[in-house]
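Trainee: next one to model:
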Amino acid sequence: MHSSDDAESAAEAGHVHSGLFIPSLMVSYFATSPLGIVTGLFLLRMAETFRVDKGVMGQINTFSSIASVVFALLMGVLSVRYRHKSLLLIGLSFLGVSAVGCYFAWDLNSIFILYSLGGVGVAMVSPMAIALVGDNLAFKKRANAVGWVLAGGSLAYLIGAPIMGALAGFGGWRISLLGFVIPFSVLSLLFAFTGVPAQSSDRSSLIKGDSYLESLKEIVSNRSAVGCLIGNVFRQAAFMAILLYSTSFFIERFSLTEGVGSFVILGAALFYTLGIIVAGSMVNRYGRKFSTVLTALLAGLFTISYAYVSNLFLSLVLNFIAAWFMGMMSSAASSLTLEQIPRFRGSMMSISSVATNLGAAVGAAVGGLALVWYDYDVLGAILGGMGIIAAIIFFLVTKDPTCGKT
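Mentor: Numbers count the residues shown, from 1 in each chain. Next comes the predicted model:
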């Protein structure tokens, strides 16, 4: 048996000597996003390919998120038994297989299944990348490191959206998989294999001594940790209004082309990335809880507002501001969640992955139903409202266990 202080001290003592450590985790997180770009940018075209309504096609993310939720539960077990690096590499392999499979998908059922393999990959890569930060870096470096790792995911949109939009012009949405998604899946594997330490300083004792049931019991008995998990469900559901549906909103509401729509993703990704990066400084200055509550509230309010504006320029500005606060919220909430149970970071982040993927599934499903039954303004109101609910949950339920720590 080891106390949380023991694990924390071990992590504080660990030092990563490879200059590729953070870049490798950034590239790993980068690899979790390109499949999402495909559905975000080409949702309407994919609906035409498989001859279904856009609301039905939007459920591809629901299925993927459900797969992520199911497998992330298993990750809670695996994370206390196997090396985080090994799990990271396996997850990146799933992302590559999913990309290749989606390229060859022949009907709606096949692409739903093959795309869901990417959800399994995300369920492995996302929590392990953040857990590796906690395992290997001292406390004062973690908030900024978490921000940079998460920025890798949004940089995929910043870099990938215009490239994939251009590639699609030569041969449809499948070419974006062949020319961008698949190559970066291979690249991420190479970076992770060479740049991530085989084992952090505190992993050996955890692998031998602690069980998943013990970690789960400690997590569910911690009110603040549970509050983080519930808050993460709602904040991720709100994010679907930006990630999945905003590009289709601008294409349909303002009659934009897909080429112009790719720059909508580009702008949102830029502001989201900047939000993630600056959040590290805000977290260090004002604390993890305050930063999470404030940014979740503002993200929800601006998400509601952009869908109700009839002017293209103003709607874009509000959308980009919402993306900025979504980025800050993601970084701050991840930092808050990471520090809840230092002894079981792998399990905590795996279960947090369950929460965020559940939120993504809820957001995608509710957003799709809102489009089938109503329109984008109702979608914005519902999903933006979930961001406000997240802020309330983080404010009322969670605690920052690092308050006063330097």
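Trainee: how many neighbours does the residue nearest to residue 246 when sequence neighbours are not counted have?
Mentor: The shortest distance from residue 246 to any non-neighbouring residue, by Cβ to Cβ, 6 or more residues apart in numbering, is to residue 319 (5.7 Å). From N, CA and C alone the C-beta is placed, and that goes for glycine too. Per other Cβ atoms under 10 Å, the neighbour tally for residue 319 reads 27.
Trainee: and if you look at residue 186?
Mentor: 14.
Trainee: who's in contact with it?
Mentor: residue 96 (Cβ atoms under 8 Å, 6 or more residues apart in numbering).
Trainee: where does it land on pLDDT?
Mentor: What the model reports as pLDDT for residue 186 is 91.
Trainee: quick check: it vs residue 99, distance?
Mentor: 10 Å (Cβ to Cβ, to the nearest Å).
Trainee: check residue 215 too.
Mentor: Residue 215 sits 32 Å away from residue 99, going by Cβ to Cβ.
Trainee: neighbour count winner among those two?
Mentor: Using other Cβ under 10 Å as the criterion, residue 215 and residue 99 rank with residue 99 on top: 28 against 24.
Trainee: ok so, going back, for the helix or strand the residue nearest to residue 246 falls within, packing partners?
Mentor: In the assignment (DSSP states H and E), residue 319 maps to helix 312-338. Helices and strands touching helix 312-338, by 3 or more Cβ pairs under 8 Å, 6 or more residues apart in numbering; DSSP states H and E, are helix 108-136, helix 139-171, helix 223-243, helix 246-253, helix 258-286, helix 288-306, helix 345-373, helix 376-397.
Trainee: what residues sit buried inside it?
Mentor: Within helix 312-338, the residues that qualify as buried are 315-338, counting by 16 or more other Cβ atoms under 10 Å.
Trainee: what about this structure, any weak spots by pLDDT?
Mentor: Applying pLDDT under 70 to the chain flags the ranges 1-18, 76, 138-139, 199-212, 258, 262, 403-406.
Trainee: mind listing what's buried along stretch 153-168?
Mentor: So, applying 16+ other Cβ under 10 Å, buried residues of stretch 153-168: 153-162, 164-165, 167-168.
Trainee: rewinding a little: now render the helices and strands packed on helix 312-338 as TSV, adding distance to residue 27.
Mentor: What follows is the helices and strands packed on helix 312-338, written out as TSV (distance: least, Cβ to Cβ, whole Å):
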stretch	distance to residue 27
helix 108-136	10
helix 139-171	6
helix 223-243	20
helix 246-253	24
helix 258-286	15
helix 288-306	26
helix 345-373	19
helix 376-397	29
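Trainee: let me know which of these is the nearest to residue 30.
Mentor: Residue 30 lies closest to helix 139-171 among the helices and strands packed on helix 312-338, at 4.2 Å (Cβ to Cβ).
Trainee: off-centre distance for the closest one?
Mentor: Taking Cα atoms, centre = their mean, to the nearest Å, one finds the center of helix 139-171 at 11 Å from the center of the full chain.
Trainee: and after it, which helix or strand comes next?
Mentor: Heading C-terminal from helix 139-171 (DSSP H and E), you reach helix 173-176.
Trainee: so which of the helices and strands packed on helix 312-338 is nearest residue 180?
Mentor: Residue 180 lies closest to helix 139-171 among those, at 5.3 Å (Cβ to Cβ).
Trainee: elements contacting that closest one?
Mentor: Of the remaining helices and strands, those touching helix 139-171 by 3+ Cβ pairs under 8 Å, 6+ apart are helix 21-31, helix 34-49, helix 108-136, helix 173-176, helix 258-286, helix 312-338.
Trainee: hang on, the earlier thing: now the helix holding residue 319 against helix 345-373, angle please.
Mentor: Between helix 312-338 and helix 345-373, the angle comes out at 150 degrees (axes from the mean of the first three to the mean of the last three Cα atoms, to 10 degrees).
Trainee: so helix 312-338 versus helix 139-171, what angle?
Mentor: 140 degrees.
Trainee: could you check the angle helix 312-338 makes with helix 376-397?
Mentor: Angle, helix 312-338 to helix 376-397, by the same axes, to 10 degrees: 30 degrees.
Trainee: gap between helix 312-338 and the chain center?
Mentor: So, by Cα atoms, centre = their mean, the centroid of helix 312-338 is 12 Å from its chain's centroid.
Trainee: repeat that for stretch 345-355.
Mentor: The chain centre lies 12 Å from the centre of stretch 345-355; the measure is Cα atoms, centre = their mean.
Trainee: and stretch 214-234, by the same measure?
Mentor: When distances are taken as Cα atoms, centre = their mean, stretch 214-234 is centred 18 Å away from the chain's centroid.
Trainee: same question, stretch 119-128
Mentor: The answer for stretch 119-128 is 9 Å, by Cα atoms, centre = their mean.
Trainee: what does stretch 388-399 give?
Mentor: When C-alpha coordinates are averaged (Cα atoms, centre = their mean), stretch 388-399 and its chain have centres 19 Å apart.
Trainee: quote the end-to-end distance of stretch 301-315.
Mentor: Stretch 301-315 stretches 13 Å from its first residue to its last (Cα to Cα, to the nearest Å).
Trainee: need the contact partners of it.
Mentor: 238, 241-242, 246, 249-250, 253-254, 316, 318-319, 321-322, 325-326, 376-377, 379-381, 383-385, 387-388.
Trainee: show me the contacts for the closest residue in space to residue 225 that isn't next to it in sequence.
Mentor: Using Cβ to Cβ, 6+ apart and skipping residues adjacent in sequence, the residue nearest residue 225 is residue 340, 4.1 Å away. For residue 340, the contact set (Cβ under 8 Å, 6+ apart) comprises 219, 222, 224, 225, 228, 348, 401.
Trainee: any idea what residue 340 is structurally, helix, strand or coil?
Mentor: Secondary structure, DSSP: H, G, I helix; E, B strand; the rest coil: residue 340 is coil.
Trainee: how near is it to residue 356?
Mentor: Distance, residue 340 to residue 356, by Cβ to Cβ: 15 Å.
Trainee: repeat for residue 20
Mentor: Distance from residue 20 to residue 356, by Cβ to Cβ: 26 Å.
Trainee: before we move on, what about residue 146?
Mentor: For residue 146 relative to residue 356 (Cβ to Cβ), the value is 14 Å.
Trainee: for residue 341, same thing?
Mentor: Residue 341 is 17 Å from residue 356, where distance means Cβ to Cβ.
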